[in-house]
Each structure stands twice: as C-alpha cells, then as structure tokens.
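Enquirer: Quick one, what's the 3D model for this:
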Amino acid sequence: MDPKNETERTYQDALHQSYTREDQSKAELTRVQSSVVLQAMFCERHSSQLAAQEEKQKSAHRKKGKVIGGGLPRLLTGDEFHDR
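Expert: Model (predicted):
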C-alpha cells in the first residue's frame, strides 16, 4: 500500500523500523534462551560428575582404616590380639 502523503510515509517507515527491532529482539531472545539451556545442561553434567567424584573420595577415606578379623579395629599390642 503506497502512502498518500508524507505523514503516512513517516508512519509506515516507523512501523517497518518497529517490526525490524521486534524481529531482532526475538532473535536475541532465542539466542539467550539457547545459551541458558546449554549452560543448564553443562551444569547438570558437571554437577553429577562432581557428586560421583565426591562420593568416590568419601568411600576411599572410609577404606583407609585397617580392619582385622571380624571387621572391628583392634589394638595390635593388646593381649587379646597376641593370644589369637
């Protein structure tokens, strides 16, 4: 539709500029949302890896104690130990 006067032309130009800005805003919003999704996936992945690593370290610390016989720690210089 061709503008009938200069005022209509100005309004149409402003409208087209507004549509252009809206399209740019939507594209930027899509980029930001994509970035957030990727960051969430990254954090979830590394969070589970960190939890597994921490659990592994906890179990390694539990295994460091010396266990003798029936699973109870014993004093190696005690008479009961030497009598066995």
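Enquirer: any idea how far the residue positioned nearest the centre of the chain is from L50?
Expert: Taking Cα atoms, centre = their mean, the centroid of the chain lies closest to C43, which sits 1.3 Å from it. Shown here: C43 relative to L50, a distance of 10 Å by Cβ to Cβ, to the nearest Å. Yep, even glycine has a C-beta here, placed from its N, CA and C like the rest.
Enquirer: Likewise for Y19?
Expert: For Y19 relative to L50 (Cβ to Cβ), the value is 46 Å.
Enquirer: And for N5?
Expert: 67 Å.
Enquirer: Three-state assignment for K4, please.
Expert: Under DSSP: H, G, I helix; E, B strand; the rest coil, K4 falls in the coil class.
Enquirer: before we move on, the earlier item: for the helix or strand containing the residue nearest to the centre of the chain, packing partners?
Expert: Mapping C43 onto the secondary structure by DSSP states H and E places it in helix 6-62. For helix 6-62, the packing partners by 3 or more Cβ pairs under 8 Å, 6 or more residues apart in numbering; DSSP states H and E come out as none at all, with no helix or strand in contact.
Enquirer: Quick one: mean pLDDT for that helix?
Expert: Model confidence over helix 6-62 averages 93 on the pLDDT scale.
Enquirer: Relative to V36, how far out is the residue nearest to the centre of the chain?
Expert: Note on C43: its distance to V36, by Cβ to Cβ, is 10 Å.
Enquirer: One more: L15?
Expert: Between L15 and V36 the distance, using Cβ to Cβ, works out to 31 Å.
Enquirer: just H46 next, same as before
Expert: H46 sits 16 Å away from V36, going by Cβ to Cβ.
Enquirer: just A52 next, same as before
Expert: Taking Cβ to Cβ as the criterion, A52 is separated from V36 by 25 Å.
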